[in-house]
Structure formats: structure tokens, C-alpha cells
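Participant: Output the structure for:
(2 chains)
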Amino acid sequence: MKNWNPMLLSMMQPIMAILFGLTAGAIVVSFTGESVMECFKELWRGAFGSFYFLSSTMARATPIILSGLGIAFAFRAGFFNMGAEGQMVLGGLAAALTALHVPGPGWVKLVAALCAGIAAGGMWSVLAVWMEVKFKVNLLISTLLLNYIAVLFAGYIVSGPFKDTSGSAGLAQTAMIDQGSWLPKLYNGMSVHAGFSIAIGLTVLFVLMFRYSIVGYEVKMLGLNPSFAMYGGVNRLQMMIFSMVASGGLAGLAGGVEVLGMQYRFVDGALTMPGYAWTALMAALLANAHPAGTAVCSFLLAALQTGAAGMERNTNVPVELSAVIQAVLILFVSVKFGYSFMRRRKARKNNGSII
Amino acid sequence: MDQLFDISLLNSTIRMVTPILLAALGGALCARAGLFNVGLEGMVLAGAFGAVLGNYLLNNLFLAVMFAIGCVLLLSLLYGYFTIHLKANVIVVGIAVNFLAMGLTTFLLSAVFHVKGAYYNKDMEGLPRLDIPVLSKVPVLGDVVSGYSPIVFCAFLLVIVLHLFLYRTVTGFRLSAVGQSPIVAQSAGIKVRRYQYAAVLACGMLCGLAGAQLSLGQVTMFAEGMTSGRGFIALVAMMLGQANPAGIMGSSLLFGLMDALSIRMQGLWLPTPFTMMVPYVVTIMAMFFFKDKSYLHGTTGSSR
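Facilitator: The predicted structure is shown next:
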């Protein structure tokens, strides 16, 4: 029974935030002169209206869940990884290039490509960690700025050296990956693919890890109270590198899964335009970095986006409504963050430990 | 090299630097009051959209700029309410403000102008270029110091004003005291919240000006996410300048020069994506030299 109260409380916060977000959405809709009820009905229908819509919501949620787990992982350890977008793009690029150029049967290519995605994302986030540790470059800002560099770099790679020259269209993209190394679809004719199972599997893994394993406990301690964690013998540097590599690796995996399961090639802007990484960040914030909560929130936000796309098809309300609702959600969830932040600041003041 | 460095490069540097400088000055006021404002990006974006929308609705450039400032003031009021009143984490609220600005501007772009991506209207008038009567006649100097929109002059004037304000007035010292130790400031009888709100609102005003310069002073259009990281670069400029107006001007000029250079270098030996990376790379490199975080008071970005 003792566990009930905090759990209920942690559920209450997101629910309140969702209510506030939907209210804000209703206000914005009423400004455009459309019927609010009609819009929300279309929103629901676009996300869950039929099995086809549900499956595309699941497909959209896949990269969001994966990178959301990554961001949540870093949050848990007390670090802001704002660089998921760059890590995801580089992961996707590495996966596409690996699948195209590694010899061997399809499944070897597939596994190699996924590993390459994880490695690329992880290495990109380690760069930020290295700068923070060695030169005290603020992690929040360095990861953010590295996004722009990664996206521009990937754009260069697919519009220059590895551009697909077979097609007539002048799109900046790599060649199509062989069908043998695609991630299989879960249902015929539906867009949801095996990446969704990977995402769910990893969610369960992380829940178990944070609950039962020593590493999970150490990461959590580091995030909640760094000085206590260090007093208890946690190697902060090691944990920082570990959690940021995991964080970047998951974002890279998200990019790889999206490329191998949905688009079958790396297209410039296909990972950044839908804003997967930013939605993932919001999901992690909404769920206060709890792995299962992050997965649920990722799914809900993905549903909000696919629903908004459906709503745009059937009403005059533009799809960006979902972005407004999401931002309001975060704003209202941030209040809760204040409490844990204050706790930490107090702890810091008492013993003078920095970061 | 001759193609890269000439008078017009200085010219475009000064034009490019203005949004960064204004936003960084705003960020500095917030930092002085103890709020690390990550929402600069969103505030500038809202200002850029507000200026275009105001111009479209009111058909008057002065009113358009005022409209932009008004829009950003609303946003910064929201930021202030959440960070000061509700004591939410400044970084999370800043991120939320960025998202809100991004979402609202794209939403309104399609709701008001019925376009996606960018709004451009050939009849739309940009900010006028002002010539300084005497100086503009001087051969080289005249080209460098005149021919900009009023906001550009305003920005450089504000550097001096803010410097005087922060280091020569009691209010300025009190503002710094608020940031350094809210509790001590409070016990000395300073109304901490009032100072913080004032700083956030002033920051909003500056960001509104920055946005107006971005959308009406430089290109006369609005594009989705047209700030493209300038708010964050301004944040770095603020940190690099140690929240000190003169220092901020120096670091902003560096970033403005890089911005201008990156455009200039297109079509030279480097492929375009690499030239576009230059401002971001230089920003990161600049952070290598930034060690003193003392005025951030525990709101380091790497931890919650």
C-alpha cells in the first residue's frame, strides 16, 4: 500500500497536464472558428479510428519511444540530453549506409545496420560528454548545437558522396536498401513494423533495470542526489559516460529503426521534419523520466500527431494544433519538476557539491 | 581571401549580429536576476512572427514592431509566471516556451496566412534604412556605421544603456543582488519577485525587437523556425560575455561575423552544408574558453 500514494500522484500530474493541454487546444480551435467537438472527434478518429490508423500511430510512436527512453535515461542520471535529434539523424544515416554497403545476407546487414545506428548515436553524445568533462562545456547547449552540425553533415552526405543517382528525382537521399534487410512488418499492409516490438521490449527491460539492477539504482541515485551517490561509491564520471552513451545510442537506434522499418533509405529531413526527437523529449519530461511512463506518453503524443493529421484532412484546423497542445502540456508538467529541482538545490547548498 | 573580407562583410556582420545581440542582452538581464533563460529562441521566433503579423494587420511598421514586442511580452509573462511564481525548473519552462513559440507560429502561419513553411508578400515593406546625416558622407566609416534599420542602432545604444544601468545605478546593483542571492536580497528589503519579473519582461521586449529585426529588418518574410538556433547562440554569447553588456557585444560580434562569413563562403571551396555549420562550430569552440559559471547559480544545464 505504501507504494500507492506516490504512484497515484505521479499519475495525477500527467493527467492534469493533459487536461490543461486539451483545454488550450480547444481555445486555439475556437479561435479558428471550427467546432471544437468536431475537431476532437476527428482527432480521436485520426489516431485510433480504425486498425489502420492505430497501426500508423504505433509506427509513428516507435522512434519516439526509443529516443524517449534514451532521453529519459539521461534525465534519470541528472543530465539534459537535448541532442537526440542529431544522434537520431546520425544513427539513421549510419544504419542506411551500413545496410547498403556491408556484404552478407540480409539479416547480417540488418543487425550490422542497427548496431551502426546505436554506435553512431552513442559516439555523437560521447563527444558532448567529453567536452563537458574536459572543458566544462555546458552539456545542454553543446548537445543542442551538435544537432545542427549533425543534421547539416547528414544533409551533405546524402546530397554529395552517397546521393542516390538512380532515381530521376533530385531528392537528397541514399539508394534504396535491399528488401532482405528491412525490418519486417508486424501486420501485412500496415505500417507498424518490428521496431515497435523492439521499443516495447526495451521499455520492459529498462523498467526492470531501474527496479532491480545495481546499475539502475546507481543511475537513479546519481540523478536524485549526486553527492549521496558519490558518497556511496558511485563513479560519477563513469555513470555519466554510460548514461549518455545509452541515451545517444537509443536515439541512434531510433533513427536506424525508422530507416530500416519505414523509409528503407535515408532521406534528408525525413527524421527531423516530423520532430521525433523533440516529441520524445516532451514524452520524457511528461513522464518524469519513468521508462514505462515515457513509452506511454510517447504513444499518446504520437497519437496526438497522427490524430491531428487526420483532423487536418477533415477540418480547417491545421496539423500544428498538436504542437501547441504539446507545448502547453510541458508547461504544466514543468511545475512538478520544480519540486524535485528545489530539493536538489537544497541538497547542493548544504554540502557545496557542484553539478 | 579578397572575396571574403571587405566592407560589406562588416556591414552584414552588424546586421546579422543585431538579433543575437538583442536576445543576448535580454538573456543577460534574466541571468542577472538568477534565471537562466533557455527560452530566448522561442521568444525571438515569436517576435519575428509578431512583427510580420503586425505588419500585415496594421500596415504600419512602427506599430508592427510594437505588436511584436507585445506578443513576446505575453510569452515572457508566461515564462515569468511559471518560473518565478510557480517555481518551475527554468530550463524545462524555457524548453516549453520554445516549443510553444514554434507550435503557435506555424499554427498561426497556416491559420492566418494559409501557407506552410514561409510567408512572403512582395507588397510587405521592410524596416527603413537610416542614414546618419554627417557620418554617412565619410568614405569608409560611412559605409560601416550607417544604412541600417533603427533597431540596429537601438541595439548598440542599448549596450551602453544597459552597461550604465548595471554598473552605475542602484537598481542595477539590486538586480545583480537578486540573482546572486535571492534570500539575502530579500532580507535587505529588495522585492525579489518584482525585480525578476521586470528582468523577464525587459528580456521579452528585447527579444521582440530581435525578432522584428530578423523578419522585417533583414528579409521581410517569416519562415518556420527562422531563428534556426540564433537564440541558443545568443545564450552562449551571454555566457561568454559573463552577462556583461560590453562582453556580450564582443562575443555577439564574433558570432555575427561567423554568420555573415558562413553566407559569404557559400560558393567558395567548401560545400554549403559545411559553411552553414560554421556559426555552430564556432559557438561550441567559444564555449571551450568559457569557464566561469559562477553567475548561473546552480542552474547548470547538465543537471536538473
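Participant: Determine the number of other residues adjacent to B:Gly26.
Facilitator: 33 (other C-beta atoms under 10 Å in any protein chain shown). Using the backbone N, CA and C atoms, a C-beta is placed for each residue, glycine as well.
Participant: need the strands for chain B, in chain order.
Facilitator: With DSSP state E as the definition, chain B shows strands at residue ranges B:118-120, B:221-223.
Participant: Of those strands, which is nearest B:Ile263?
Facilitator: strand B:221-223 (15.4 Å; C-beta to C-beta).
Participant: got the CA positions of stretch A:90-98 in PDB?
Facilitator: Output in PDB follows, covering the C-alpha atoms of stretch A:90-98 (Å, rounded to 0.1, in the frame of the first residue of the first chain):
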ATOM      1  CA  LEU A  90      23.500  10.200 -37.500                       C
ATOM      2  CA  GLY A  91      22.100   6.800 -36.300                       C
ATOM      3  CA  GLY A  92      19.700   6.700 -39.300                       C
ATOM      4  CA  LEU A  93      22.500   7.700 -41.700                       C
ATOM      5  CA  ALA A  94      24.900   5.100 -40.300                       C
ATOM      6  CA  ALA A  95      22.300   2.400 -40.400                       C
ATOM      7  CA  ALA A  96      21.300   3.200 -44.000                       C
ATOM      8  CA  LEU A  97      24.900   3.300 -45.200                       C
ATOM      9  CA  THR A  98      25.800   0.100 -43.300                       C
END
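Participant: if I pick whatever residue of the stretch 51-200 of chain B ends up closest to chain A, what's in contact with it?
Facilitator: Per C-beta to the nearest C-beta, the residue of the stretch 51-200 of chain B with the smallest distance to chain A is B:Gly103, at 2.9 Å. Applying C-beta atoms under 8 Å, 6 or more residues apart in numbering or on different chains, we find B:Gly103 in contact with A:320, A:322-324, A:326-327.
Participant: Tell me, how many residues neighbour B:Val112?
Facilitator: The tally of other residues near B:Val112 (other C-beta under 10 Å) stands at 15.
Participant: just the strands of chain B: most buried one?
Facilitator: Looking across these with neighbours counted as mean count of other C-beta atoms under 10 Å in any protein chain shown, the highest average goes to strand B:221-223: a mean of 22.
Participant: Could you pull up the mean pLDDT of that one?
Facilitator: For strand B:221-223, mean pLDDT rounds to 89.
Participant: counting contacts, what elements does that strand pack onto?
Facilitator: In this structure, strand B:221-223 packs against helix B:40-58, strand B:118-120, with contacts taken as 3 or more C-beta pairs under 8 Å, 6 or more residues apart in numbering or on different chains; DSSP states H and E.
Participant: Can you add distance to B:Ser149 and mean pLDDT and give those back as CSV?
Facilitator: Rendered in CSV, the data for the helices and strands packed on strand B:221-223 read as follows (distance: least, C-beta to C-beta, whole Å; pLDDT from 0 to 100):
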stretch, distance to B:Ser149, mean pLDDT
helix B:40-58, 11, 93
strand B:118-120, 18, 85
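Participant: Rebuild these as CSV, extending it with distance to chain A.
Facilitator: Supplementary listing: those in CSV, determined by distance: least, C-beta to the nearest C-beta, whole Å:
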stretch, distance to chain A
helix B:40-58, 9
strand B:118-120, 13
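Participant: Name the stretch among the ones you listed that sits most buried.
Facilitator: helix B:40-58 (a mean of 28).
Participant: Which neighbouring elements make contact with that helix?
Facilitator: On the basis of 3+ C-beta pairs under 8 Å, 6+ apart, helix B:40-58 makes packing contacts with helix B:7-32, helix B:61-80, helix B:90-112, helix B:192-212, strand B:221-223, helix B:230-240.
Participant: any chance of the strands of chain B in CSV, plus distance to B:Leu73?
Facilitator: Below are the strands of chain B laid out as CSV (distance: least, C-beta to C-beta, whole Å):
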stretch, distance to B:Leu73
strand B:118-120, 22
strand B:221-223, 19
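Participant: looking at those, which is closest to A:Leu90?
Facilitator: Taking C-beta to C-beta as the measure, the strands of chain B were each checked against A:Leu90, and strand B:221-223 came out nearest at 25.2 Å.
Participant: Other residues contacting that closest one?
Facilitator: For strand B:221-223, the surrounding residues in contact (C-beta under 8 Å, 6+ apart) are B:48-49, B:52, B:105, B:109, B:117-121, B:124, B:215.
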